[in-house]
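In: here's my sequence, what's the structure:
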Amino acid sequence: TDAESKQEIDSIVDSTMGFLKDNYDEVKLDDPKEVTVEGQPGMQLAGTGKDKDGNAVKFLSAMIVLGPDSLAEIWAAVFPEGNNDLQAATAVLDSFKPAKP
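Out: Numbers count the residues shown, from 1 in each chain. Now for the predicted structure:
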């Protein structure tokens, strides 16, 4: 159901936050953004933090419900200083969609 899907996505958001806090400092996540991809509900999540050496890191994540018992997730941790990695990661996440059977 939609409620079960939302509960599963919320659980993944919570576990992602736990992972980030265990591995990065000063983690700040934006509020999750609900999206629809190819007719399927999903969620996008972004935020910032610092690695253990104090370097700025940008986090991007996307989740898509694939069916009643399945969902897919992709995420990136990018060092955005002095390169185009953030734009590349954003393009990858924006292209994330369910495969056609």
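In: burial count for Leu45?
Out: Close neighbours of Leu45, defined as other CB atoms under 10 Å, add up to 21. Bear in mind the C-beta positions are built from the backbone N, C-alpha and C, glycine included.
In: how close does Gln44 get to Ser15?
Out: Plainly put, Gln44 is 16 Å away from Ser15 if you go by CB to CB, to the nearest Å.
In: more neighbours: which of the two?
Out: Here Gln44 and Ser15 are compared on neighbour count by other CB under 10 Å; more neighbours surround Gln44, at 18 against 10.
In: where does this protein have low pLDDT?
Out: Applying pLDDT under 70 to the chain picks out residues 1-2, 5, 100-101.
In: quick one: the helices in it, in order.
Out: Ranges of helices in the chain, per DSSP state H, are 2-23, 85-95.
In: ok, which of those helices comes nearest Leu66?
Out: Closest approach to Leu66 among the helices of the chain (CB to CB): helix 2-23, 9.8 Å.
In: other SSEs contacting the closest one?
Out: When contacts are defined as 3 or more CB pairs under 8 Å, 6 or more residues apart in numbering; DSSP states H and E, helix 2-23 sits against strand 25-29, strand 40-50, strand 56-67, strand 70-78.
In: which strands or helices does the first one pack on?
Out: This points to strand 25-29. When contacts are defined as 3+ CB pairs under 8 Å, 6+ apart, strand 25-29 packs onto helix 2-23, strand 40-50.
In: my guess is Thr36 contacts Gly42, does it?
Out: Yes. Taking contacts as CB atoms under 8 Å, Thr36 lies within contact range of Gly42: 6.9 Å.
In: of those two, who's got more company?
Out: Taking neighbours as other CB under 10 Å, Thr36 and Gly42 compare with Gly42 leading, 24 against 10.
In: count of residues packed around Asn83?
Out: Asn83 has 10 neighbours, counted by other CB under 10 Å.
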